[in-house]
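In: next input, structure requested:
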Amino acid sequence: MALILAEPAHSELVIKKSRFIGCVQPVADRAAALAIVASLRAEHPAAAHVCWALMAGGQSAANDDGEPGGTAGRPMLEVLRHQELEGVLATVVRYFGGVKLGAGGLVRAYTDAVAQALIGARKLPLQRLRTLICSVPYSMEGMLRREIAAAGATLGEVAHGSLVQTLLTVIEADADALRRRIDDASQGRAVWTDPAPAGR
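Out: Now for the predicted structure:
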């Protein structure tokens, strides 16, 4: 089962005088990840490297930032993959201490910096969401809003036409039960339509 992080978690290692500052944090997408990396570069102008790995479905990526190829970003990405994380950015800021670590030493250092941060991280199961569109007569709008709130679903756009049409998002595992409750409460007068797939 895929996991997400509840909040950022940090680590710090010193290996042969080099300082490795690790962080793992939840991110929405690659653009958000690149913004975080840019802010780390600004925050640590004296750092030798700011390496990162992003596990985010089709946007996953890794960057060695000048370290020998394959010694930083990819090993960091493997740690995230091994822990079945999704929507997570791992960063390691390295201050060079004057002693070269060699390829094997670098792989271990970057892997350990991410692994240490993950030890203290709170992980949650990734909940897949489902979007539904429900239309009801005006007299049932209050009931519909109450059922959506009671289910912990998120109410999106509401359109008032011949019926009140609502767009709602709910955890996939709860979607069928919510539909049944609304169907019962509306005595079968709720109308369900599938949202158009993205890109159409």
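
In: longest helix anywhere in this structure?
Out: Criterion DSSP state H: the longest helix present in the chain is helix 102-119.

In: quick check: buried residues in that helix?
Out: For helix 102-119, burial by neighbour count (16 or more other Cβ atoms under 10 Å) applies to 106-118. C-betas here are computed from N, CA, C, even on glycine.

In: contact partners for the closest residue to Ala159 other than its chain neighbours?
Out: Of all residues not flanking Ala159 in the chain, Gln165 sits nearest, at 4.5 Å (Cβ to Cβ, 6 or more residues apart in numbering). Going by Cβ atoms under 8 Å, 6 or more residues apart in numbering, Gln165 touches 133-135, 158-159.

In: so of the residues you listed, which ones are in strands?
Out: 133-135, 158-159 (DSSP state E).

In: what about burial for these, which qualify?
Out: Buried, going by 16+ other Cβ under 10 Å: 133-135, out of the ones in strands among the contacts of Gln165.

In: phi first, then psi, for Arg181.
Out: Reported as degrees, to the nearest 10, the phi and psi values for Arg181 are phi -60, psi -40.

In: make that Gln187, sorry
Out: phi 50, psi 40.

In: burial count for it?
Out: 8 (other Cβ atoms under 10 Å).

In: list of residues touching the longest helix of the chain?
Out: If you take Cβ under 8 Å, 6+ apart as the criterion, helix 102-119 is touched by 9-11, 13, 15-16, 18, 20-24, 51, 53, 67-68, 70-73, 75-76, 78-80, 83, 90, 92, 94, 101.

In: at 7 Å what do you get?
Out: 9-11, 13, 15, 20, 22-24, 51, 67-68, 71-72, 75-76, 79, 83, 90, 92, 101 (Cβ atoms under 7 Å, 6 or more residues apart in numbering).

In: tell me where the protein has strands.
Out: Remark: strands assigned in the chain by DSSP E are 3-5, 9-15, 18-26, 49-55, 61-63, 88-95, 123-125, 129-136, 154-160, 164-171, 191-193.

In: looking at those, which is closest to Arg145?
Out: Of all the strands of the chain, it is strand 154-160 that lies closest to Arg145, at 6.8 Å by Cβ to Cβ.
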